[in-house]
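**Q** Task: produce atomic coordinates for the following.
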Amino acid sequence: MYTSGPAAAMAEVNFIKSYLSSLDSRPIKLPADYVIDPERVGRVPYLLPRMPAPHPEMPKKVKQAQAPGSAKSITVNLKSARNPVLEIKLSNKPISTTSVQDLKDAVRDRVADAQSNKIPLDKIKILYKRKPVTGKTISEILADEPEMLAGGKEVEFGVMIMGGAKVVDEDQEMVDRGASPKAALGPSGESVLETEDFWEDLEGFLAQRIKDNEEAERLRNLFKEAWSSSR
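**A** Below you'll find the model as predicted:
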């Protein structure tokens, strides 16, 4: 039987409270395309993302001293094509410690000016691949060539002497140092004229004396033709 009155109303209120309580315990489900109305929410504070934990500092590597004789070395060829024609071979030069000045000193020991004086170092230019070298040591010059830095190879540097020079005769250099000259080796007499080295040396000498490379080359060809026709 249906009854009305305060008791019935109280029962309905209790039922509603119980029903709402059961709904509160259930999770709220929203459709996938649900969009909240920003006007209902208001201004939402922006939270910065959490910073990642800093990486521990890597331990510094301790450089170990190389054992004697373990440094990588390379064979250096110093070449000047003209004025003067010169070729110097330096074997087993340490890559990391051999400096450009060491190369200039090697050239300076083999050349002299017209008055037989030493050439100033600033007049001697070292080239690599036809360009002035950049760097103070061989390792800095070859920094972009790891296969050369591995050692055991040969590298060629060009030599240019500003103002020209002449090659110092090794026997004369020994005399200047107070040593006895060595006995002459190799071809001599007319056989020397048959070598191309003689005519290249002659061209270098002429270029040094007359300060004109083209005229020196012309005179070299003229002298060589005259010698050949006189045989």
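**Q** and the lengthiest helix in the chain, how far from the chain's centre?
**A** Criterion DSSP state H: the longest helix present in the chain is helix 6-24. On the basis of CA atoms, centre = their mean, to the nearest Å, helix 6-24 sits 87 Å off its chain's mean C-alpha point.
**Q** Show me where the protein has its strands.
**A** 73-80, 86-94, 111-112, 124-128, 131-132, 154-161, 166-167 (DSSP state E).
**Q** Which one, of those, ends up nearest to residue 144?
**A** Comparison of the strands of the chain against residue 144 by CB to CB identifies strand 124-128 as nearest, at 11.0 Å. Heads up, the C-betas are built off the backbone N, CA and C, glycines and all.
**Q** Is residue 203 in contact with residue 223, as I believe?
**A** No - using CB atoms under 8 Å, residue 203 is not in contact with residue 223, being 9.4 Å away.
**Q** and the strands of the chain as TSV, adding distance to residue 198, mean pLDDT and mean neighbour count?
**A** Listed next are those as TSV, based on distance: least, CB to CB, whole Å; pLDDT from 0 to 100; neighbours: other CB atoms under 10 Å:
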stretch	distance to residue 198	mean pLDDT	mean neighbour count
strand 73-80	17	90	18
strand 86-94	15	90	14
strand 111-112	18	89	20
strand 124-128	25	91	17
strand 131-132	31	88	10
strand 154-161	21	90	17
strand 166-167	13	88	18
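**Q** These: which one's closest to residue 219?
**A** Residue 219 lies closest to strand 166-167 among these, at 16.6 Å (CB to CB).
**Q** how about low-confidence regions in this structure?
**A** Within the chain, the segments meeting pLDDT under 70 span 1-5, 25-28, 30, 34, 36, 38-47, 55-71, 169-189.
**Q** Helices along that one, start to end?
**A** Under DSSP H, the chain gives helices at 6-24, 38-41, 100-108, 138-141, 146-149, 170-176, 190-193, 196-210, 213-229.
**Q** Highest mean neighbour count out of these?
**A** Among the helices of the chain, ranked by average contacts under mean count of other CB atoms under 10 Å, first place goes to helix 138-141 (a mean of 20).
**Q** contacting residues around that one?
**A** Residues outside helix 138-141 that contact it (CB atoms under 8 Å, 6 or more residues apart in numbering): 74, 76, 93, 95-96, 98-100, 128, 133-135, 149, 155.
**Q** which two in those are spaced the farthest apart?
**A** Farthest apart among those by CB to CB are 93 and 134. That separation is 18.6 Å.
**Q** Go ahead and flag the most central residue of this structure.
**A** Most central in the chain under CA atoms, centre = their mean is residue 143, positioned 2.5 Å from the mean C-alpha point.
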